[in-house]
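Peer 1: After the sequence you'll find the predicted model.
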Amino acid sequence: MKSSPHALAAALAVVCCVAQAQSAPPAAARRRTPPGAARSAAGVSAAVRQVLIRAPWLFNHRTRYAHSMPEISGTQITVTRKTTVVHLGALPPIVDNQPRQLFDQMPGLVLAEQQNPVNLNLSYRGLGNPQESEYILVMQDGIPMEMDWIGFPTLYYLPSFQSIAQVQMIRGGSGLLYGPEPEPVINFVTRQPGQKTEASTDQVFGSDGLYSTYSSISGPAGRWDYLADFSHRQSHGQRANGDYTVNQGDLELGYHFSRGHRLSLAVHAYSLESGMAGLMSGAQFRTNARQTTTPDDRDWAHRYTAVLTYHDQIDPSSLFVQKVWTGYQDLVTRADAYANSGTPVGTAATLASQKFHYTGLDGRLLHHWGKGSAFTVGYTVYTSTSPYTELKSPDALIAPYGSNGSLFYNDQRRTRYAAIFAENLYRYGRFHVVTSARLEHEQLVTRETAAPHPSLVNATYRHTVPLFGIGIGNDFGRGNETYLNVSQGYRPVRYLDISSPFSNFSSTNDPATTHYLTYEAGVHGWPVVGFYYDASVFQIAATNEIESEQLTPTESINVNSGDLRSRGFEFASSYDLLRLWPSEPRSRHLTVFANLSILNAEFTSSRIPGQTGKVPAYAPHYVLKGGVTLEGVHGLKLSVMVDAVGAQ
């Protein structure tokens with residue numbers, strides 16, 4: 001049979017178009033065909049299928065994107081960065097204060113648990129105290145969840161896991177994408193409105209008076225789409241004054257101007273009230289593990305955030321995303337003084353109140369060019385005001401809001417922050433190179449008007465930090481990739497580094513930011529359907545660690561006292577055993593996973609005598625996690641997980 005020249009030309013045109021689309025997939029196409037969706041169709045020629053296989057980063061992409069982020073995720077370039085993704089839809093619902101079920105699938109991440117859901121405590125690779133996750137940037141849809149992103153980067157808000165679609169974890173180079181804090185970035189990606197109207201409700205009862213409810217509704221309405229949910233949790237806790245109540249509501253409204261042009265408004269509201277049963281010594285715990293040492297201590301927190309997002313698919317190769325957010329959060333803590341007797345009795349109270357009013361803008365433009373290459377540029381601006389007051393009262397049960405007492409401490413604090421950044425991905429065949437640059441500027445203002453120490457701080461602190469990074473990768477075989485990433489990061493100076501009710505700072509106090517240089521080299525792959533692996537070695541050099549140094553018996557200064565080095569090995573693997581039987585439906589999964597982190601960390605220099613050579617706190621030599629998850633068999637979701645953490 002003869003081939004028509006016109007038919008041959010048409011076939012070549014189709015092949016070239018497909019090859020170009022696979023080399024540089026536009027954002028709109030990625031939304032229409034999400035990772036894991038079938039790309040084959042009736043009548044697709046063998047030649048086209050051959051082109052798809054030649055793009056090694058697309059081979060077995062269903063397995064790949066079940067465990068790691070796409071090379072280009074929206075306007076973010078993540079290729080050559082080590083990433084982990086956990087899809088919550090594949091796990092049994094996490095309804096109580098049990099984040100370990102989620103974080104066990106993230107290698108090396110250490111969770112310090114507590115009985116009440118007041119805050120989240122995470123640490124990674126020995127880089128800092130896990131308390132309130134101060135050394136990790138935690139975000140929701142790319143918006144910082146910290147109370148004050150720069151001045152007070154602590155976490156007293158955690159969205160309901162049932163409202164989350166996936167959680168992303170980005171290591172070295174994360175600061176070049178999102179800004180301050182060393183690594184990693186943990187990004188909670190919220191569920192989006194469904195393509196059809198759907199509603200659901202969950203009601204859960206458990207021990208210690210646990211009751212949890214989560215209800216949601218979402219769907220389209222012409223050019224509009226919407227999602228609304230509400231969750232409530234309460235428990236009387238394991239000890240007296242261990243009770244808590246958490247309420248959360250989310251609303252998203254979206255309007256589609258045309259294909260690729262969408263404006264959305266998301267509102268997140270959260271409230272928490274929790275008792276604080278108190279710390280115990282080892283001897284107290286052995287005597288009575290359920291005793292309460294602080295029967296009147298209590299925490300209250302509220303957070304309200306509104307985010308306006310505009311997505312503009314300018315053309316098939318260019319995507320612009322602009323976000324504007326504003327909100328309010330407070331944290332009120334009542335800490336009592338107790339009579340020294342067998343049963344603690346409150347005799348007076350200190351009521352500490354911190355309020356945060358914040359506003360931010362983040363704009364990013366990504367343009368695909370060449371064959372698989374891309375360039376992104378953007379900016380971030382953030383401002384916050386944060387008054388901090390402490391009152392003393394003889395009333396051990398002083399109310400959290402609107403109460404009177406003796407003013408003990410008052411500080412009018414303010415943050416200003418701005419950054420510009422750019423990244424370029426260049427692909428040449430199977431090799432790719434990413435270059436990154438970011439310029440950061442922070443300004444902290446503190447105005448102490450009352451304090452228990454004589455030296456009141458009234459000053460402005462400014463720091464400008466340039467950051468650079470480079471990543472190199474190579475696709476080899478079928479579904480394997482090497483990666484090498486060298487990136488800079490930093491930890492900003494915080495409010496408590498320059499003013500505090502607990503320290504009488506010298507007038508010469510002016511600490512510099514802490515800097516981090518991360519090297520990471522590894523290989524990850526998805527060579528078989530259902531099987532994924534990732535192994536890497538890393539080293540992190542931290543310089544200018546901030547610590548407090550006593551100048552006189554009544555005066556201290558926060559100084560950049562020394563350097564820290566953290567190095568190790570990290571491995572993760574997962575296999576869906578049901579993929580051994582091709583006849584099994586894709587909706588059924590029996591997944592076995594394991595991950596291991598080996599860490600060697602030490603202080604390499606310090607102004608503190610005897611500190612050099614010591615292992616920093618919260619740097620376990622190993623973290624081992626593993627488990628089995630069953631999904632989709634007779635409608636069940638079952639999961640069993642175990643983990644072991646070395647001494648820290």
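Peer 2: Good, I have the coordinates.
Peer 1: so where is the chain shaky, pLDDT-wise?
Peer 2: 1-58, 97, 548-560 (pLDDT under 70).
Peer 1: if you set the cut-off to 80 instead, what comes out?
Peer 2: 1-59, 94-98, 115, 340-342, 403, 506-508, 546-561, 634-635, 648 (pLDDT under 80).
Peer 1: Okay, helices next: where are they in it?
Peer 2: 5-23, 27-32, 46-54, 61-65, 100-103, 174-178, 282-287 (DSSP state H).
Peer 1: Find me whatever residue is spatially closest to the spatially most central residue of the chain, sequence neighbours aside.
Peer 2: Central residue of the chain (Cα atoms, centre = their mean): Ile186, 1.8 Å from the mean position. Excluding the flanking residues, the one nearest Ile186 by Cβ to Cβ, 6 or more residues apart in numbering is Val138, at 4.8 Å. In this view, the C-beta of every residue, glycine as well, is placed from N, C-alpha and C.
Peer 1: what's that neighbour in contact with, if anything?
Peer 2: Counting by Cβ atoms under 8 Å, 6 or more residues apart in numbering, Val138 touches 120, 122, 144-146, 155, 185-188.
Peer 1: Buried ones among the residues you listed?
Peer 2: Applying 16 or more other Cβ atoms under 10 Å to the contacts of Val138, the neighbour count classes 120, 122, 144-146, 155, 185-188 as buried.
Peer 1: Closest one to Glu423 out of those residues, please.
Peer 2: Taking Cβ to Cβ as the measure, Glu423 lies nearest Val185 of these, at 14.8 Å.
Peer 1: so who does the closest residue to the closest one other than its chain neighbours touch?
Peer 2: Nearest non-adjacent residue to Val185, counting by Cβ to Cβ, 6+ apart: Ser174, 4.0 Å away. Neighbouring residues of Ser174 by Cβ under 8 Å, 6+ apart: 81, 137, 183-185, 489.
Peer 1: Pro93 now?
Peer 2: 161-162, 202, 204, 214, 637.
Peer 1: mind checking how far it is from Ser639?
Peer 2: Computed as Cβ to Cβ, to the nearest Å, the Pro93 to Ser639 distance reads 10 Å.
Peer 1: And Val332, by the same measure?
Peer 2: In this view, Val332 and Ser639 are 36 Å apart by Cβ to Cβ.
Peer 1: Not counting its neighbours along the chain, what's nearest Glu584?
Peer 2: Leu578 (4.5 Å).
Peer 1: now Gly242
Peer 2: Ala277 is the one closest to Gly242 (Cβ to Cβ, 6+ apart), at 4.3 Å.
Peer 1: can you tell me how far the closest residue to Glu71 other than its chain neighbours sits from Gly89?
Peer 2: Spatial nearest neighbour of Glu71, chain neighbours left out: Val79 (3.8 Å); criterion: Cβ to Cβ, 6+ apart. Separation of Val79 from Gly89 (Cβ to Cβ) stands at 25 Å.
Peer 1: who's more crowded, those two?
Peer 2: Set Val79 next to Gly89 and count neighbours by other Cβ atoms under 10 Å: Val79 wins out with 23 against 11.
Peer 1: on that earlier part again, ChimeraX command to pick out the buried ones of the contacts of Pro93?
Peer 2: This is the ChimeraX syntax for the buried subset of the contacts of Pro93, where burial follows 16+ other Cβ under 10 Å:
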select :161,162,214
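Peer 1: Identify the farthest-apart pair in the contacts of Pro93.
Peer 2: For the contacts of Pro93, and using Cβ to Cβ, no pair is farther apart than Tyr214 and Lys637, which are 15.2 Å apart.
Peer 1: how many neighbours does Thr154 have?
Peer 2: Here the number of neighbours of Thr154 (other Cβ under 10 Å) works out to 18.
Peer 1: what residues are up against the closest residue to it other than its chain neighbours?
Peer 2: Take Thr154 and drop its neighbours on the chain: the residue closest to it by Cβ to Cβ, 6+ apart is Glu132, 3.7 Å away. Glu132 makes contacts with 119-121, 154-156, as judged by Cβ under 8 Å, 6+ apart.
Peer 1: again with Val95
Peer 2: 161-162, 202, 204, 212, 214, 233.
Peer 1: tell me which of these is nearest to Leu467?
Peer 2: Distance to Leu467, by Cβ to Cβ, is smallest for Phe161 among these, at 32.0 Å.
Peer 1: And the closest one, how far from Gly627?
Peer 2: Counting by Cβ to Cβ, the gap from Phe161 to Gly627 is 17 Å.
Peer 1: Let me see the ranges of the strands in the stretch 51-200 of the chain.
Peer 2: Using DSSP state E, counting those that start in this stretch, the strands of the stretch 51-200 of the chain run over 72-73, 76-77, 83-87, 109-111, 122-124, 137-140, 143-144, 164-170, 185-190, 198-205.
Peer 1: can you redo the ones you listed as TSV with distance to Gly372?
Peer 2: Listed next are those as TSV, based on distance: least, Cβ to Cβ, whole Å:
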stretch	distance to Gly372
strand 72-73	9
strand 76-77	12
strand 83-87	18
strand 109-111	31
strand 122-124	31
strand 137-140	27
strand 143-144	30
strand 164-170	21
strand 185-190	24
strand 198-205	37
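Peer 1: and Phe408, which of these is closest to it?
Peer 2: Going by Cβ to Cβ, the one of the strands of the stretch 51-200 of the chain nearest Phe408 is strand 143-144, 29.6 Å.
Peer 1: Surely Pro466 touches Arg438?
Peer 2: Yes: at 7.4 Å, Pro466 and Arg438 qualify as touching, with contact defined as Cβ atoms under 8 Å.
Peer 1: what about those two, which has more around it?
Peer 2: For Pro466 versus Arg438, neighbours defined as other Cβ under 10 Å are more numerous around Arg438 (24 against 10).
Peer 1: quick one: that one and Gln76, what's the gap?
Peer 2: Counting by Cβ to Cβ, the gap from Arg438 to Gln76 is 13 Å.
Peer 1: what's the burial count for Asp315?
Peer 2: 12.
Peer 1: and what of Pro92?
Peer 2: Residues within reach of Pro92, counting by other Cβ under 10 Å, total 14.
Peer 1: circling back to that earlier point, which one of the strands of the stretch 51-200 of the chain lies closest to Asp475?
Peer 2: Ranking those by proximity to Asp475 (Cβ to Cβ) places strand 72-73 first, at 14.7 Å.
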